[in-house]
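>>> What shape does this take:
(chains A and B)
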Amino acid sequence: DAGITQSPRHKVTETGTPVTLRCHQTENHRYMYWYRQDPGHGLRLIHYSYGVKDTDKGEVSDGYSVSRSKTEDFLLTLESATSSQTSVYFCAIDPHGSSYEQYFGPGTRLTVT
Amino acid sequence: GDSVTQMEGPVTLSEEAFLTINCTYTATGYPSLFWYVQYPGEGLQLLLKATKADDKGSNKGFEATYRKETTSFHLEKGSVQVSDSAVYFCALSDHSGGSNYKLTFGKGTLLTVNP
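Purely as a prediction, here's the structure:
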């Protein structure tokens, strides 16, 4: 158990509303990631963090922002949700910072109507 | 850029059948290769890995060999069980150019094993 929790686990929201997803870890690992999973696309990296206040964009970062003010929490914000952001969002940690292994949270299913 | 191509599913097998899921990759450096598995309703978990050419990763009866000459990392299991039903993802981590903390995933292959 890598001690990763995500909240909420399910959310339905309307187009144009802001949404924040939370990833929490209990092990104080430096590297954290946000992915989205969509049929036919696999997992795609949205943003990642390599320390408090240190974040960078992944391949599908448009429309998303992140913040990491504490080691244990990595927040993903959709400033103005769109239907194309309906997806399952996974948080992951990398205990070694080498991508030899990442541990994933249980996911958040977000529906934008 | 880096990319991973894996066979499209879904794959449906009977229990005790032989499984192969093909995976090929493109990378600029010397990647490490992984297979992750996702059981229904759960996040991904690492199944096996190989960090250099000719390495064989193995776990829970699954195997995959890192073939640099064919840029492949095919997943195999000699006798599948119903409990192996899941989505399988091939992935790589390219350790060149400072990008050694990111994974690139294939699109996933859904495996269903019938009793």
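
>>> How about residues contacting the lowest-mean-pLDDT helix or strand in chain B?
In chain B, the helix or strand scored least confidently by mean pLDDT, DSSP states H and E is strand B:104-105, which has a mean of 91. With contact meaning CB atoms under 8 Å, 6 or more residues apart in numbering or on different chains, strand B:104-105 is reached by A:42-44, B:2-4, B:36, B:89-94. Just so you know, the C-beta spots here come from the backbone N, C-alpha and C atoms, and that holds for glycine as well.

>>> try it again with 10 Å
A:35, A:37, A:41-45, A:59, A:99, B:1-4, B:6, B:25-27, B:31, B:34, B:36, B:44, B:89-94 (CB atoms under 10 Å, 6 or more residues apart in numbering or on different chains).

>>> Give me the sheet partners of it and which way each runs.
strand B:86-93 (antiparallel) (DSSP bridges).

>>> where does chain B have low pLDDT?
B:95-101 (pLDDT under 70).

>>> which helices and strands does the helix or strand containing residue A:43 pack with?
For residue A:43, the host element (DSSP states H and E) is strand A:42-51. Identification of packing neighbours for strand A:42-51 by 3 or more CB pairs under 10 Å, 6 or more residues apart in numbering or on different chains; DSSP states H and E yields strand A:31-38, strand A:54-57, strand A:64-70, strand A:73-78, strand A:87-94, strand B:86-93, strand B:104-105.

>>> who does residue 38 bridge with?
In the absence of a named chain, chain A is used. residue A:42.

>>> should've been chain B
residue B:44, residue B:87.

>>> List the contacts of it.
A:37, A:43, A:90, A:104, A:107, B:44-45, B:47, B:86-89, B:108, B:110.

>>> out of those, which are buried?
A:37, A:43, A:90, A:104, A:107, B:44, B:47, B:86, B:87, B:88, B:89, B:108 (16 or more other CB atoms under 10 Å in any protein chain shown).

>>> Check whether the second one really touches residue A:90, as I assumed.
Yes: at 6.9 Å, residue A:43 counts as touching residue A:90 under the criterion of CB atoms under 10 Å.
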